[in-house]
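Visitor: What shape does this take:
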Amino acid sequence: MLADALRRLIAAGIPLDGASDHGVSEALYLRDPDENGVELYWDRPQEMWPRTPGGELAMFTRRLDLDGLLNEVEAEGSAPRS
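Guide: Numbers count the residues shown, from 1 in each chain. Purely as a prediction, here's the structure:
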């Protein structure tokens, strides 16, 4: 889960270069110890992809809500396990 990856990056003190919501996916951007760019992302299920009224894919790039993402980790951690 991307939210757990973000929590772990923060705990390790690894800074992000950016974070984006593309509609079809969410991504975190960072650098490895050799300064290579790294992208961590998850694809949303196709039924969640944004579409135009005509049914065409409507991708975008927006700032990812990191606080909202972290809240997913907290919500998952407090959910009862079956």
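Visitor: residue nearest the centroid of the chain?
Guide: By C-alpha atoms, centre = their mean, the chain has its centre lying nearest to E26, at 3.6 Å.
Visitor: gap between the host helix or strand of I10 and the chain center?
Guide: Using DSSP states H and E, I10 falls within helix 2-11. Helix 2-11 has its C-alpha centroid displaced from the chain centroid by 10 Å (C-alpha atoms, centre = their mean, to the nearest Å).
Visitor: Partner strands of the helix or strand following it and their direction?
Guide: Following helix 2-11 in sequence order, the next helix or strand is strand 16-21 (DSSP H and E). Here strand 16-21 has these sheet partners by DSSP bridges: strand 25-31 (antiparallel), strand 62-63 (antiparallel).
Visitor: and the helix holding I10, average pLDDT?
Guide: Helix 2-11 shows a mean pLDDT of 95.
Visitor: Ok, stretch 60-80 next?
Guide: Regarding stretch 60-80, the rounded mean pLDDT is 82.
Visitor: What residues sit buried inside that stretch?
Guide: Of the residues in stretch 60-80, those with enough neighbours to count as buried (16 or more other C-beta atoms under 10 Å) are 64, 69, 73. For glycine as for every other residue, the C-beta is placed from the backbone atoms N, C-alpha and C.
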